[in-house]
Every structure is written in C-alpha cells, then in structure tokens.
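Student: need a structure here:
(chains A and B)
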Amino acid sequence: DTAVSQTPKYLVTQMGNDKSIKCEQNLGHDTMYWYKQDSKKFLKIMFSYNNKELIINETVPNRFSPKSPDKAHLNLHINSLELGDSAVYFCASSRLRTGRNEAFFGQGTRLTVV
Amino acid sequence: KQEVTQIPAALSVPEGENLVLNCSFTDSAIYNLQWFRQDPGKGLTSLLLIQSSQREQTSGRLNASLDKSSGRSTLYIAASQPGDSATYLCAVTNSGGYQKVTFGIGTKLQVIP
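Tutor: Take a look at the predicted model:
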C-alpha cells in the first residue's frame, strides 16, 4: 500500500564505495524527485524526472547519477562516496499539472559514510 | 531564486493551546504551497496543499492560509496535542517552466502535556 517506497532505509558504507538507493511509486505519478536533507534538516532538491526525462538537475557532484527505468522508478546511484555525502535522502513523486502537483514523499534513506 | 523562510525555528507550547506557524517566500509566482509534517527519523507527511488560486485549506484541527501577493502562508493548529509534536515544513512549488519545489527549514514544535 505504500505510495512511495525507498530502499534501503539505512545504509552504512565506507568512503570510496559505490552505492544505490532505489525508489518506487505506485501512485501513477509522472514526476519523481530526489532530495537531500542535511544535518541542519535543510531539504534541497537534487534531481527531478518527468516521464523518465531529467528536468531538474541542481548543482550536484557528477558522482550522483539518477536513473529512471520507467515512470514508477527513480534510482539514485552514488560513486566514490565521501564523508560529506552522509545525509538523509528522500524520494518523492507528483503528477505535474497546473495547480495541484501535490508531492508525496518516501520515508527516507539515512546514508552514513564512514 | 525562490527562498522560503519559516518562523519560529522552534516552538514549545502547553497542551490545548492554539498556535500559528509562519512561512514566507520571496517569489510570488507559485503553483501551490504545501505544508508537511516530519517526525524524528521519519519521512514527510503531507498535511495541506493550497493551490495558487486558493486562500486557505482546512483539515481537522489544521488550517492553512495563503497570501500570494505578500508571499506568506500560515499554518494554524487548534487545541494542540502532544501528538502534534513534530517538525512542520512549508514547501513552495514554482510556476513557469519546470515545477521546482523549495522547502523552508521547518519549525520544530513541542506540545507539552
């Protein structure tokens, strides 16, 4: 029944490793997002995909690469993890249309790089 | 560039009190404004969505208002309960081109029994 689900919920890994976070939505939405919430609880958008196409790409290191195999999935792959990548990553989805565009969020993935 | 500010950063009130959380944004060209609740270690739960053409939305003890021209929104919580303790986030979706969502940093609310 979960509308937006992310896996894993927790991820602890060493510097230099490559890891992926998966996101799936069953709401039939056409737009998906990745957000990063830093230690100060500030939420900042990283990427947005509409119908599998990248539409927003904020200033994010090239080590972060989103992949959208279909409209219901948006995975985040991170290469060569650094200590500063430690944060909570949230996936979200919405239906892009005039006015409504209500966003639904996943439960977050707490990434700890050691 | 849209900036969203929430005041106060933290608020502690006794149970039963009515309270108001404030959100301001710099670019009034918005599609909508959404209020979220975030519990510690949890995700974001959508509370209320106000479309750009609306002035307020209500859900139970919550009422959110929107004044686009002044770039402000308020979230009113009536008869607060300890279960309302959480961080409340305001998010604005911009109009024009790609709809980008900008968040405030949130107001951490503690309701004391």
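Student: contacts and neighbour counts: CA atoms only from here.
Tutor: Noted.
Student: any weak-confidence spans in the chain?
Tutor: You didn't say which chain, so I picked chain A. Flagging of chain A using pLDDT under 70 yields the residue ranges A:1-2, A:97-101.
Student: not what I meant, chain B
Tutor: In chain B (pLDDT under 70), the answer is B:96-99.
Student: Check chain B for the residue nearest chain A and tell me.
Tutor: residue B:43 (3.8 Å; CA to the nearest CA).
Student: Name the nearest residue to that residue, sequence neighbours excluded.
Tutor: Closest residue in space to residue B:43, ignoring its immediate chain neighbours: residue A:107 at 3.8 Å, by CA to CA, 6 or more residues apart in numbering or on different chains.
Student: Go ahead and confirm that neighbour touches residue A:90.
Tutor: Yes - taking CA atoms under 8 Å as the definition, residue A:107 is a contact partner of residue A:90 at 6.9 Å.
Student: Neighbour count for those two, which is higher?
Tutor: Legend: neighbour count by other CA atoms under 10 Å in any protein chain shown for residue A:107 and residue A:90, higher for residue A:90 (27 against 24).
Student: For that one, which non-adjacent residue is spatially closest?
Tutor: residue A:108 (4.5 Å).
Student: Equivalent analysis for residue A:43, please.
Tutor: Using CA to CA, 6+ apart, the closest residue to residue A:43 is residue A:37 (4.4 Å).
Student: Verify the contact between that neighbour and residue A:89 for me.
Tutor: Yes - under the contact definition of CA under 8 Å, residue A:37 touches residue A:89, with a separation of 6.1 Å.
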